[in-house]
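A.B. asks: Task: produce atomic coordinates for the following.
(chains A and B)
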Amino acid sequence: MSNDEIFAAAYREHYWAVSRYVARRLAGHTGEVEEVVAEVFTVAWRRRAELPHAPLPWLYGVARNCLANAVRGQGRRRRLLARLGNDDAAHGRHITSGPEAEPPGDWVHEALARLSAKDQEVLRLTAWEELGVDELAVALGCGSRAASMRLHRARARLRSEIDRMGPPTAEAPHAPRPAATVDATPAKEHGHG
Amino acid sequence: MADELDLLRRANPAPADAPPFADRPLDPHGERHLHRLLHGPTPSPGRPARPRPARRGVRLAWGLAAGAVVAVTAVALLLGGPGTPPAVAAPRPLVVRADATPVSLDRLAERAEAAAADGGPALRRGTHVQSWSLGMSDDAPPITLPEERIVRWTADGRHTELVVATDPRHPGRPVLGEDEDGNPRQVEDGHVITDATYPPSWSDAPPASRPPHEAGRLRAYLEEAQRTPSLDTSRLLDAAALLLDNWTLGARESAALARLLADTGGLRPAGEVTDRLGRPGQAYVYETTGVRRMLIMDPATGAVLGLETTFTEAQPEYGVTAGDVMEYSAWTR
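C.D. replies: As a prediction, this is how the structure comes out:
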């Protein structure tokens, strides 16, 4: 297969996984997801010769950079629109996991938000994108040992923040999901196909 | 007790099996972008191609403008050089003449329905829109970028898109446009920003699919186009702009849109205006926090002529004063 064909296959297989990656980091701004995802794949297209055999963690790494650029360039606009209420967040159009679910764990998000950006990213990649340590290393652009260490430390810091917020356990009143759904294991995040 | 990663997993805001980003075959937008990457036109280095036609109301219109103005000093732009004075001054909001009796939207919808019954223009895919968009950056005052965009489709499913920097209120004068890296700079009137021909693409999803000409079905179409379960006045205005950025409405579709706007409510008849293209119109206003949106409609046919979004409160830290026009779109055939 040529580089172009390999790229096209990766695009088709991982388009929605990359969309979710972006959406999870633009909570409440679904209208901008398509635009950022288009930029991710445009950058990936220019670098298609570097596309690894397992491209998704690499695509997440590209997306992380694109997202940082998008946030830097548009943060000002976003803040103003949010204040004016002219935004998905103000319209109550946050992404949710479905009508049957409670709001997706606001307090967990709050605990996460108290961590450094690097800690947040390593935790999201592990919990939401379900990357293993080796994949985490690709997405973060570091070695596996470093990725493992960063995850270990970030988990400990998240645990501390959760404990500091009070008694939110799975049995607590503000647990994020009904007990019946707690043990549901989501499908591995490796895209369509 | 669940460990911290389990708790975080359960707080996933975009699960793999939930819309709108659930795994499935590519949607038309994804297909189109892939096709463009594989078959050109090639994006310029350092500036990923952005799908201009897919504007979704104020947010993305601002996104296009905001992304284009990072790290540029407006002073350099505004001073310019000797020669013809540039047309860079930000336009003011339209002046409403409230002395004439405003026409209710219901009445206008009736006129539109009568006009459609008599024939009138047909629906056409593609658009012709002149827009003025306020761009913001962290280190410069806001600037207004005027653009004319023409999208035409051919019978074999191809389409062309031509975008030029121009301000019809000041023909022949230099205007603010974009350089190849997307940064604003002063350019000649008519400077070509995009001139592209796209390969065939077909879609059966709004707003690419043919819009209906009955108000109830048009509402469902616009809800799908906007990916929202219901349309309040604000979202309906966004949806109308999205529709008009993709289609040049015929008399029947204009009548359906006028009826939908009238039935949704929330728009206040304000009086007569002359739009930025010099056309007479009836103005209908919707006020929301800090922003006024004004829809301009043809008094005889009920066709939407334009949409103006104006700040009603100053936002000093953003360099915005009350009365600044955030965005203006004027649609024509």
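A.B. asks: switch to C-alpha atoms for all contacts and neighbour counts from now on
C.D. replies: Fine.
A.B. asks: so what does the helix or strand hosting B:E272 touch, helix or strand wise?
C.D. replies: Per DSSP states H and E: B:E272 is located in strand B:268-274. With contacts taken as 3 or more Cα pairs under 8 Å, 6 or more residues apart in numbering or on different chains; DSSP states H and E, strand B:268-274 sits against strand B:280-288.
A.B. asks: Quick check on B:S234: phi, psi?
C.D. replies: When quoted as degrees, to the nearest 10, the phi and psi of B:S234 stand at phi -60, psi -50.
A.B. asks: ok, it - how many residues close by?
C.D. replies: With neighbours defined by other Cα atoms under 10 Å in any protein chain shown, the count for B:S234 comes to 18.
A.B. asks: who's in contact with it?
C.D. replies: For B:S234, the contact set (Cα atoms under 8 Å, 6 or more residues apart in numbering or on different chains) comprises B:Y286.
A.B. asks: returning to that earlier point: average pLDDT for the strand holding B:E272?
C.D. replies: The average pLDDT within strand B:268-274 is 96.
A.B. asks: And the helices in the chain?
C.D. replies: I went with chain A, as the question did not name one. Ranges of helices in chain A, per DSSP state H, are A:3-25, A:33-46, A:55-84, A:106-113, A:117-127, A:133-140, A:144-164, A:179-182.
A.B. asks: sorry, should have said chain B
C.D. replies: B:4-10, B:28-39, B:57-67, B:74-79, B:105-117, B:215-226, B:233-244, B:251-264.
A.B. asks: tell me the domain ranges of chain A?
C.D. replies: Chain A is divided into the following domains under automatic domain parsing: A:1-95, A:96-177.
A.B. asks: now the shortest one: mean pLDDT?
C.D. replies: Domain A:96-177 carries an average pLDDT of 77.
A.B. asks: what about A:C66, how many residues close to it?
C.D. replies: Residues near A:C66, counting by other Cα under 10 Å: 20.
A.B. asks: wouldn't it be in contact with A:E39 here?
C.D. replies: Yes. A:C66 lies in contact with A:E39 (Cα atoms under 8 Å); the separation is 6.9 Å.
A.B. asks: Quickly compare the helices of chain B and say which is most buried.
C.D. replies: helix B:251-264 (a mean of 23; mean count of other Cα atoms under 10 Å in any protein chain shown).
A.B. asks: in the sheet, who's paired with B:R268?
C.D. replies: B:V285 (DSSP bridges).
A.B. asks: where does the stretch 151-300 of chain B come near chain A, residue by residue?
C.D. replies: B:289-291 (Cα under 8 Å from any Cα of the partner chain).
A.B. asks: Just the closest of these to B:D167, please.
C.D. replies: B:V291 (23.8 Å; Cα to Cα).
A.B. asks: Might you list the low-confidence residue ranges for the stretch 101-250 of chain B?
C.D. replies: In the predicted model, the stretch 101-250 of chain B carries pLDDT under 70 at residues B:136-139, B:178-183, B:199, B:201-203.
A.B. asks: Chain neighbours aside, what residue packs nearest to B:E147?
C.D. replies: B:A165 (4.5 Å; Cα to Cα, 6 or more residues apart in numbering or on different chains).
A.B. asks: Pull the contacting residues for the one you found.
C.D. replies: B:145-148, B:175-177, B:187-193.
A.B. asks: hey, what's it bridged with?
C.D. replies: Under the criterion used (DSSP bridges), B:A165 bridges to B:E147, B:H191.
A.B. asks: Check the gap between B:W132 and A:A156 for me.
C.D. replies: 51 Å (Cα to Cα, to the nearest Å).
A.B. asks: of the two, who's got more company?
C.D. replies: B:W132 (25 against 13).
A.B. asks: Might you report the residue contacts of the more buried one?
C.D. replies: B:144-147, B:327-329.
A.B. asks: Now, those residues that are in strands?
C.D. replies: Among those, the ones falling in strands (DSSP state E) are B:144-147, B:327-329.
A.B. asks: Out of those, the closest to B:L305 would be?
C.D. replies: B:S329 (8.4 Å).
A.B. asks: so that closest one sits right up against B:L307, yeah?
C.D. replies: Yes. Shown here, B:S329 and B:L307 form a contact pair, counting by Cα under 8 Å, at 5.4 Å.
A.B. asks: CA-only coordinates of stretch A:109-126 in PDB, if you can.
C.D. replies: Provided in PDB are the C-alpha atoms of stretch A:109-126 (Å, rounded to 0.1, in the frame of the first residue of the first chain):
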ATOM      1  CA  HIS A 109     -14.200  16.700  36.300                       C
ATOM      2  CA  GLU A 110     -13.700  19.300  39.100                       C
ATOM      3  CA  ALA A 111     -11.100  17.100  40.800                       C
ATOM      4  CA  LEU A 112      -9.400  16.600  37.400                       C
ATOM      5  CA  ALA A 113      -9.300  20.300  36.700                       C
ATOM      6  CA  ARG A 114      -7.300  20.900  39.900                       C
ATOM      7  CA  LEU A 115      -4.400  18.900  38.500                       C
ATOM      8  CA  SER A 116      -1.700  20.200  36.100                       C
ATOM      9  CA  ALA A 117      -2.400  20.100  32.400                       C
ATOM     10  CA  LYS A 118       0.100  17.300  32.000                       C
ATOM     11  CA  ASP A 119      -1.400  15.200  34.700                       C
ATOM     12  CA  GLN A 120      -4.900  15.800  33.200                       C
ATOM     13  CA  GLU A 121      -3.800  14.600  29.800                       C
ATOM     14  CA  VAL A 122      -2.100  11.400  31.000                       C
ATOM     15  CA  LEU A 123      -5.200  10.500  33.000                       C
ATOM     16  CA  ARG A 124      -7.600  11.300  30.200                       C
ATOM     17  CA  LEU A 125      -5.600   9.300  27.700                       C
ATOM     18  CA  THR A 126      -5.600   6.400  30.100                       C
END
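A.B. asks: what comes up buried for that stretch?
C.D. replies: A:109, A:111-112, A:119-126 (16 or more other Cα atoms under 10 Å in any protein chain shown).
A.B. asks: can you tell me which of these are up against chain B?
C.D. replies: Checking the buried residues of stretch A:109-126 against chain B (Cα under 8 Å from any Cα), the matches are A:109, A:123-124, A:126.
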